[in-house]
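Visitor: with the sequence up front, the predicted model follows.
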Amino acid sequence: RMCSNTFYLLYGIMKFLEKGLFMMEELKIGRAVQANPYVIQMDRFVQSLEKLTKVFLQLERKHDLFTKAEMEEMYEKVNEKVCGNCANKEVCLGQEAFLTYQMVHEIFCTIEEYGVELNTEVKRKIQKRCVQAPRFLRTALEVFKGARQNLMWNNKMAQNREGCAVQLDTFAQMIQHATRELDASIFADEHLEKKIRGRFSKIGVRLLSTVFFVTEDGKYEVHVTAKSIKGQCVSTKELVQIISECVGRKMVADRDERPVLGEEYCTVTCVEGPRFHTLQGIAKIGKGCRKISGDSFSMMEMPGGRKGIILSDGMGAGEAAFKESAMVVEMLEELLAAGFPKETAIQMLNTALVMGREEVRFSTIDMSVFDLYSGKCEFVKAGASTTFVKYEDKVETIKSTSLPIGVLPKLEVDCVVRSLCDGNFVVMVTDGVLDALPVGEQELIMKMIIEGTSITNPKEMAHHILEQVLECSGEIPLDDMTIMVVGMWSLAK
């Protein structure tokens with residue numbers, strides 16, 4: 001329930017942020033920025049989330065051993081159930097109270113270390129001191145079992161609180177960064193807007209409003225709200241061409257834009273055209289040549305002119321591993337498509353998996369994010385296998401030392417950025433591929449296979465690499481094997 005309420009709170013904040021960002025442009029006068037009430041309000045939200053995070057972290061923390069207070073409470077329960085009507089009560093709980101407490105403490109410590117099977121020495125001590133030794137021992141075991149169960153639940157609640165605290169803190173930082181970035185990116189240009197309005201009017205389009213963005217990298221983004229008039233049919237492509245000429249930059253329609261402008265007002269988003277494009281290919285085989293593989297993958301368009309490639313290896317093999325890895329990929333896709341930063345999305349996903357179940361089931365995350373404007377590629381790994389980057393004259397390895405997601409509440413993610421050129425390739429593989437090669441020579445052999453091929457078709461290259469690995473191992477796959485090859489080429493040709 002606590003987690004559910006937290007996510008409802010975050011959803012409400014996101015809706016408020018969405019409304020506020022659309023109003024930011026109206027609060028700007030030329031290049032002079034007024035104090036934006038929406039930014040101020042979002043700062044208040046961030047401060048509230050940070051305070052809530054501190055409250056969560058100040059509550060009872062997780063502990064593996066019983067505290068002194070818990071040991072005394074267990075001692076009192078045993079006395080209440082066994083010693084209440086005992087004839088030796090005055091002696092055991094009076095002048096020999098310390099010895100009795102010491103005996104019970106020894107029983108609990110022995111149970112905690114060795115389990116319910118107490119050694120002969122401890123049993124002999126109990127029988128020597130207590131006239132109700134069998135009942136005393138049975139009750140002590142019952143009380144200890146109940147206390148241990150309570151400790152496990154308290155630790156789970158503490159772990160969930162810490163997980164919620166991490167989520168809230170991460171979300172607060174993301175809200176603050178997104179608000180500041182968008183507020184700084186929006187600008188007004190009356191001359192440019194007038195120019196676009198005049199050009200639109202000539203082709204029978206009425207312009208209602210424009211919003212101009214410029215990112216930290218200097219890339220332009222233009223949002224126009226317009227409609228066609230006098231029953232004319234105007235293509236979105238024609239609008240984008242006019243905006244490109246007015247802005248003086250090559251603009252393209254954002255993905256999933258409508259092809260034609262209708263008689264109702266709608267918003268068309270134009271972004272700067274990319275300098276690169278990618279093609280990808282995949283080859284895979286299941287453990288023991290099964291049809292179902294435990295590996296899952298995805299290729300997605302991301303905000304800001306980026307292309308994301310995700311590869312996940314679920315724990316084990318077969319259908320169960322596939323369901324696990326497919327769930328991870330699907331959830332990660334949702335977060336990234338919504339605009340969450342990569343590290344934030346992975347951390348939120350990790351916390352949800354750790355908090356959401358008792359058993360430990362982990363999945364690796366291997367993600368390559370291609371910036372189609374700059375040509376840079378960011379490699380993000382959580383417990384993933386080595387990635388190989390094929391340049392014109394060499395092959396580089398990108399390794400990971402982090403744990404998979406779903407193991408620990410706090411996750412460390414490996415991030416590496418490399419600059420790619422026309423004709424470079426990225427080869428992503430799961431553990432099963434490298435494990436099929438001789439121990440100690442896996443990466444060397446893979447580099448030789450990749451360097452030795454002149455294939456430029458990503459799909460053909462992926463199948464070639466898989467065939468070479470299977471031939472080298474000389475046996476049926478002992479684990480699921482997946483190879484993804486992504487090539488990047490310049491659009492300037």
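Guide: Happy to help now that I have it. This is a predicted model, so every value here is computed, not measured. Residues are numbered from 1 along each chain as shown.
Visitor: what's the burial count for residue 400?
Guide: 21 (other C-beta atoms under 10 Å). (Each C-beta comes from the backbone N, C-alpha and C, glycine too.)
Visitor: count residues in the vicinity of the residue nearest to residue 391 when sequence neighbours are not counted, would you?
Guide: In space, and not counting its chain neighbours, residue 391 is closest to residue 424: 5.6 Å by C-beta to C-beta, 6 or more residues apart in numbering. Neighbours of residue 424 under the rule other C-beta under 10 Å: 19.
Visitor: model confidence score at residue 424, please.
Guide: If you check residue 424, the pLDDT there is 95.
Visitor: state the distance from it to residue 458.
Guide: Per C-beta to C-beta, to the nearest Å, residue 424 is found 12 Å from residue 458.
Visitor: before we move on, the earlier item: partners of the residue nearest to residue 391 in the sheet?
Guide: residue 488 (DSSP bridges).
Visitor: thought it was touching residue 486?
Guide: No. Between residue 424 and residue 486 no contact is recorded; they are 9.4 Å apart, counting by C-beta atoms under 8 Å.
Visitor: OK, contacts around residue 306?
Guide: Counting by C-beta atoms under 8 Å, 6 or more residues apart in numbering, residue 306 touches 369-372.
Visitor: what bridges to it?
Guide: residue 302, residue 371.
Visitor: repeat for the one 5 residues further on
Guide: Beta-bridge pairing of residue 311 under DSSP bridges involves residue 297, residue 366.
Visitor: and residue 171, which helix or strand is it part of?
Guide: helix 133-185 (DSSP states H and E).
Visitor: what about that helix, distance to the chain center?
Guide: 19 Å (C-alpha atoms, centre = their mean, to the nearest Å).
Visitor: list the helices and strands it packs on?
Guide: For helix 133-185, the packing partners by 3 or more C-beta pairs under 8 Å, 6 or more residues apart in numbering; DSSP states H and E come out as helix 2-24, helix 37-58, helix 68-78, helix 97-114, helix 120-129, strand 205-214, helix 342-355.
Visitor: coming back round to it: most surrounded residue in the contacts of residue 306?
Guide: Going by other C-beta under 10 Å, residue 370 tops these with 25 neighbours.
Visitor: which residues does the residue nearest to residue 405 when sequence neighbours are not counted contact?
Guide: Leaving aside its chain neighbours, residue 405 sits nearest to residue 350 (4.1 Å; criterion: C-beta to C-beta, 6+ apart). Listed by C-beta under 8 Å, 6+ apart, the contact set of residue 350 reads 382, 405-406, 409, 411.
Visitor: switch the cut-off to 10 Å
Guide: 163, 166, 328, 362-363, 365, 382, 403-411, 413 (C-beta atoms under 10 Å, 6 or more residues apart in numbering).
Visitor: one more: residue 249?
Guide: With C-beta under 10 Å, 6+ apart, residue 249 has these contacts: 219-220, 222, 243, 270-273.
Visitor: can I get stretch 125-140 as PDB, trimmed to CA atoms?
Guide: Provided in PDB are the C-alpha atoms of stretch 125-140 (Å, rounded to 0.1, in the frame of the first residue of the first chain):
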ATOM      1  CA  LYS A 125      22.200 -27.400  31.600                       C
ATOM      2  CA  ILE A 126      18.500 -26.800  31.000                       C
ATOM      3  CA  GLN A 127      17.500 -30.100  32.700                       C
ATOM      4  CA  LYS A 128      19.800 -29.300  35.600                       C
ATOM      5  CA  ARG A 129      18.300 -25.900  36.300                       C
ATOM      6  CA  CYS A 130      14.700 -26.200  35.300                       C
ATOM      7  CA  VAL A 131      12.000 -28.600  36.600                       C
ATOM      8  CA  GLN A 132      10.000 -28.100  33.500                       C
ATOM      9  CA  ALA A 133      12.900 -28.400  31.100                       C
ATOM     10  CA  PRO A 134      11.000 -30.000  28.100                       C
ATOM     11  CA  ARG A 135       8.200 -27.400  28.200                       C
ATOM     12  CA  PHE A 136      10.700 -24.600  28.800                       C
ATOM     13  CA  LEU A 137      12.800 -25.600  25.800                       C
ATOM     14  CA  ARG A 138       9.700 -26.100  23.600                       C
ATOM     15  CA  THR A 139       8.300 -22.700  24.500                       C
ATOM     16  CA  ALA A 140      11.700 -21.000  24.000                       C
END
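Visitor: now it: average pLDDT?
Guide: On average, stretch 125-140 scores 73.
Visitor: nearest spatial neighbour of residue 252, skipping sequence neighbours?
Guide: Nearest to residue 252 is residue 273, by C-beta to C-beta, 6+ apart, at 4.5 Å.
Visitor: the one you found contacts residue 373, correct?
Guide: Yes. With contact defined as C-beta atoms under 10 Å, residue 273 reaches residue 373; the gap is 8.9 Å.
Visitor: what distance separates the start and the end of stretch 428-436?
Guide: Criterion C-alpha to C-alpha, to the nearest Å; first-to-last residue distance in stretch 428-436 is 15 Å.
Visitor: let me fix that, I meant to ask about stretch 236-256.
Guide: 11 Å.
Visitor: no further questions, thank you.
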